[in-house]
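Participant: Turn this into a structure:
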Amino acid sequence: MSSTMICVTCNDEITDRAMKAGEKLYHEDHFLCCVCNTGLKTVAVYTKNDQLYCEADYMSKFVPVCARCQEYITQECVRAMDKTWHPQHFQCYGCLVQFSGSMSYREKDSHPYCDSCYTDTVLPKCGGCGKPITDRALKAFDTQWHVDCFVCVECKTTFEGSKNFYSVEGQPVCGACAGVTDE
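Facilitator: Numbering: from 1, shown residues only. Just a heads-up that it's a prediction; the model follows:
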């Protein structure tokens, strides 16, 4: 005795050719992509949650896209910065070094940076020494300064704490060197 083939789409008996996806059977005219209604009898068929998909619709709905190359990621995938990446494309925006599992990254303007490039290209530079500012800083003359670099141009005294400074020809000068006495 042969078993009856039933189409999972319409629940009617299949009396001619049956199409199969997984363990489910379909009439040929019901073997369609659930998104675009393309016939699937001569193309690759994908299933998810008991739905049939053509390759293009399956990829666009379920396969992540690389943030760098915009191609589908069908193998290993890196998730970082709320994005997905091919492992070889998750790299420093500055020097292009590929991040490994042991490397950290920092984000600026939606781009990943290695520590070195972040320090060199993103961090503000000191108005005195020109080096990146990685800790405490102060702002004067519309520029950021290391606390130790913002000093009187005459006597090299720092202004840390409550000391006032004066601008003489665009340079910081302490009260004593500017000839101002504290009262």
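Participant: Tell me the spatial nearest neighbour of Thr181, not counting adjacent residues.
Facilitator: Computed as CB to CB, 6 or more residues apart in numbering, the closest residue to Thr181 that is not its neighbour in sequence is Gly175, at 7.1 Å. (C-beta placed from N, C-alpha, C; glycine too.)
Participant: tell me how far the ends of stretch 75-90 are from each other?
Facilitator: 14 Å (CA to CA, to the nearest Å).
Participant: For the top helix by length along the chain, list every residue counted as buried.
Facilitator: Ranked by number of residues, the top helix in the chain under DSSP state H is helix 55-62. For helix 55-62, the neighbour count (16 or more other CB atoms under 10 Å) marks Asp57, Tyr58 as buried.
Participant: Excluding chain neighbours, what is closest to the residue nearest the centre of the chain?
Facilitator: Residue closest to the mean C-alpha point of the chain, counted by CA atoms, centre = their mean, is Met81 at 3.6 Å. Nearest non-adjacent residue to Met81, counting by CB to CB, 6+ apart: Glu107, 5.5 Å away.
Participant: rewinding a little: for the longest helix of the chain, which outside residues touch it?
Facilitator: Here helix 55-62 makes contact (CB atoms under 8 Å, 6 or more residues apart in numbering) with Cys33, Cys34, Val35, Cys36, Val43, Ala44, Tyr46, Lys48, Tyr53, Tyr72.
Participant: any idea where the helices of this protein begin and end?
Facilitator: Secondary structure of the chain, counting by DSSP H: helices at 55-62, 115-117, 175-178.
Participant: Now distance to Ser167 and mean pLDDT too, for the ones you listed, in CSV please.
Facilitator: Output for these, formatted as CSV (distance: least, CB to CB, whole Å; pLDDT from 0 to 100):
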stretch, distance to Ser167, mean pLDDT
helix 55-62, 60, 96
helix 115-117, 34, 92
helix 175-178, 9, 83
